[in-house]
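>>> Pasting the sequence and the predicted coordinates here, then a few questions.
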Amino acid sequence: MDPAPPSAVAVDGVASSEVPWLVSATADDGSGSGVERVQLYYRIGATGWTQYTGAYGGDDTSSPYAWTFVPPQGVEGLYEFCAVAKDWAGNWEAPCTAAE
């Protein structure tokens, strides 16, 4: 039995005006059932979190967890990232509340 959710931490890529850039994450489920998938979320400033599902987005199901982030066209600003993990027992990490 695995009652505890996994955890994931997004690690920003190098800040650059050139896109796309690589954003990676680490994830761990301790002694639980193991990490099944990790999702990447982003936001600009104080806006809400959006799951990254672009051409290079979606759920990553194997370590190392990484995405080639392409910002929405015409949207400039400081991007923040957060990762959320799910384990094989179906436990989801809590939704993003702050950048990691």
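The structure has been received and is ready for your questions. Everything numeric here is computed off the predicted structure, so don't read it as measured data. Numbers count the residues shown, from 1 in each chain.
>>> residues near Gln51, how many?
13 (other Cβ atoms under 10 Å). The way it works is simple: take the backbone N, C-alpha and C, and place the C-beta from them, glycine included.
>>> mind listing what it touches?
Gln39, Leu40, Tyr41, Gly57 (Cβ atoms under 8 Å, 6 or more residues apart in numbering).
>>> now the residues you listed in CSV, with distance to Leu22, neighbour count and pLDDT?
Formatted as CSV, the contacts of Gln51 follow (distance: Cβ to Cβ, whole Å; neighbours: other Cβ atoms under 10 Å; pLDDT from 0 to 100):
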residue, distance to Leu22, neighbour count, pLDDT
Gln39, 16, 24, 96
Leu40, 11, 28, 95
Tyr41, 16, 19, 94
Gly57, 13, 16, 86
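>>> out of the residues you listed, which are inside strands?
Secondary structure from DSSP state E places Gln39, Leu40, Tyr41 of the contacts of Gln51 in strands.
>>> so which of the contacts of Gln51 comes closest to Pro5?
Nearest to Pro5 out of these is Gln39 (Cβ to Cβ; 13.1 Å).
>>> where's the closest one relative to Thr61, distance?
Gln39 sits 10 Å away from Thr61 when distances are taken as Cβ to Cβ, to the nearest Å.
>>> give the contact list for Lys86.
Pro5, Pro6, Val35, Glu36, Arg37, Val38, Gln39, Trp92, Glu93.
>>> I meant to write Tyr41 there.
By Cβ under 8 Å, 6+ apart, the contact list for Tyr41 reads Ala10, Trp49, Thr50, Gln51, Tyr52, Phe81, Cys82, Ala83, Val84, Cys96.
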